[in-house]
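Enquirer: Could you look at this predicted model? Sequence included:
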Amino acid sequence: MDPVDLLLMGGMVAGAIVLGAMLLTGGTSGKQAQRRLQAVRLRHGDSAQMRVESQLKKAIAARQPKANGAGGAQDRIAALALRLERSGTNWSIRQYGQACFGIGMVVTAIAWIQTGALLLALVLGLAAGLGLPHLVLGRMIARRLNAFNARFPDALELLVRGLRSGLPVSETLNVIANEVPGPVGREFRTVVDGIRIGRSMEEALQSVADRLAMAEFQFFVITISIQRETGGNLAETLANLAEVLRKRGQMKLKIKAMSSESKASAYIVGALPFAVFAMVTFVNPAYVAPFMTDQRLTVIGLGAMVWMGIGVFVMAKMVSFEI
C-alpha cells in the first residue's frame with residue numbers, strides 16, 4: 001500500500017476520533033469565560049445569598065464529570081494526582097506512569113511476537129498502557145465512593161446524637177473521625193486536621209468536598225454553611241439530611257436492579273465483536289492472518305475497533321442513570 005494512502009487513512013481515523021471528542025466535550029471559549037466570571041462573582045460575593053448560591057452551584061457541578069485536561073499538561077497532571085488521591089491509594093504519579101509504561105511494553109511485546117505486525121502491536125500496547133490503569137483506577141475510585149456513601153448516613157446520625165447531647169460541631173466531627181471506619185473516618189479526620197491548623201470549618205469541609213466531588217457530601221457542606229449563616233436547629237436538619245441520603249441510596253439500588261437487564265445486553269453487544277474476533281483467531285489463525293500482514297486490512301481493522309469503542313461508550317452512557 002502506498003505510504004501516502006496509509007497516512008491519509010490514518011489521518012481520517014484520527015480526525016474522526018478528534019471530532020467525536022469535540023462533540024462529547026462541547027463548549028466554547030466564550031461560554032467558558034462567562035462561567036468563570038460567574039464563579040468569581042459568586043465566590044467573592046459579600047451577601048449570604050451569593051455564598052449559598054455558590055454552594056448550590058458546586059453541588060450541581062459535583063454530579064457532572066469534570067472536563068480535566070483541557071488547560072494544558074499541568075492541569076492533566078493535577079487531575080491525575082486528584083484521581084490518585086480520590087482512590088485512597090498511596091500511589092504517586094511516577095509510580096502510575098511506570099505502571100502504564102510497563103503494561104504497554106508487555107502488551108506490545110506479546111502482540112508483536114504473536115502477530116508479527118509492529119503497527120498493530122504498538123496500537124494495542126498504547127491502548128493497554130493507557131486504558132487498563134485508567135479503568136483500574138476508576139474502579140478503585142468508584143468502590144471507595146460507594147463505601148463512603150454506605151457509611152455517610154451513619155456518620156450524620158452520629159453527628160446528630162452528638163449535637164443533641166450538647167457537644168460542639170468540631171468535637172462531634174472528631175468523634176466521627178475516630179469512631180467511623182473506612183473512607184468516612186479518613187475524610188473527616190482530614191477535616192479535623194484542617195481545623196486544628198487554623199482553617200475555618202467551611203474551608204476544611206469544602207476542600208474535602210472538592211476532592212470527593214460527591215453530591216451527598218456537598219449537601220452536607222451546604223447544610224453546615226447555611227446553618228452558620230442563618231442559624232436554626234442543626235441537629236434536626238442533619239437528621240432530615242441523613243434520612244434523605246438513605247432514601248437516595250435505596251433509590252439507586254432500585255434503579256440498578258431495574259437497569260441490570262439493559263446493562264447486561266449492552267455488555268454482551270459491545271463485547272461480542274471482540275470476542276468473536278479472538279475466538280476466530282484461536283480456531284483458525286490463517287483466516288485472520290491478512291489483518292496482521294496487509295497494511296490496508298490493519299488500518300481498516302483499527303478503524304473498526306475505534307468505531308466499536310465509540311459505540312460501546314455510547315451504549316454505556318445510555319444505560320447509566322443518575323438521580
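Expert: Right, received. Where do you want to start?
Enquirer: for the protein, what spans make up the helices?
Expert: 3-25, 29-43, 48-62, 73-86, 93-115, 118-164, 169-179, 182-196, 201-212, 215-230, 234-258, 260-283, 285-293, 295-318 (DSSP state H).
Enquirer: Mean neighbour count and mean pLDDT added to the ones you listed, as TSV?
Expert: Glycine gets a C-beta too; all of them are placed from N, C-alpha and C. Converted to TSV, the helices of the chain look like this (neighbours: other CB atoms under 10 Å; pLDDT from 0 to 100):
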stretch	mean neighbour count	mean pLDDT
helix 3-25	12	52
helix 29-43	11	53
helix 48-62	16	53
helix 73-86	14	80
helix 93-115	15	87
helix 118-164	17	87
helix 169-179	17	86
helix 182-196	18	88
helix 201-212	18	85
helix 215-230	19	82
helix 234-258	14	85
helix 260-283	13	82
helix 285-293	14	78
helix 295-318	16	79
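Enquirer: Please report how far the closest residue to residue 89 other than its chain neighbours lies from residue 124.
Expert: Computed as CB to CB, 6 or more residues apart in numbering, the closest residue to residue 89 that is not its neighbour in sequence is residue 140, at 6.7 Å. From residue 140 over to residue 124 the distance is 24 Å, taken as CB to CB, to the nearest Å.
Enquirer: One more: residue 286?
Expert: Relative to residue 124, and taking CB to CB, residue 286 is found at 20 Å.
Enquirer: How is the protein partitioned into domains?
Expert: The record's domain split for the chain, according to automatic domain parsing, is 149-250, 259-323.
Enquirer: Distance to residue 128 for the ones you listed - can I get that in a markdown table?
Expert: Shown next, in a markdown table, are those (distance: least, CB to CB, whole Å):
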| stretch | distance to residue 128 |
| --- | --- |
| domain 149-250 | 27 |
| domain 259-323 | 13 |
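Enquirer: nearest to residue 135, of those?
Expert: Minimum separation from residue 135 across these (CB to CB) falls at domain 259-323, 11.9 Å.
Enquirer: from the middle of its chain, how far away would the closest one be?
Expert: Distance of domain 259-323 from the chain centroid (CA atoms, centre = their mean, to the nearest Å) equals 23 Å.
Enquirer: number of nearby residues for residue 200?
Expert: Per other CB atoms under 10 Å, the neighbour tally for residue 200 reads 11.
Enquirer: Quick check: end-to-end length of stretch 278-289?
Expert: End-to-end distance for stretch 278-289, by CA to CA, to the nearest Å: 12 Å.
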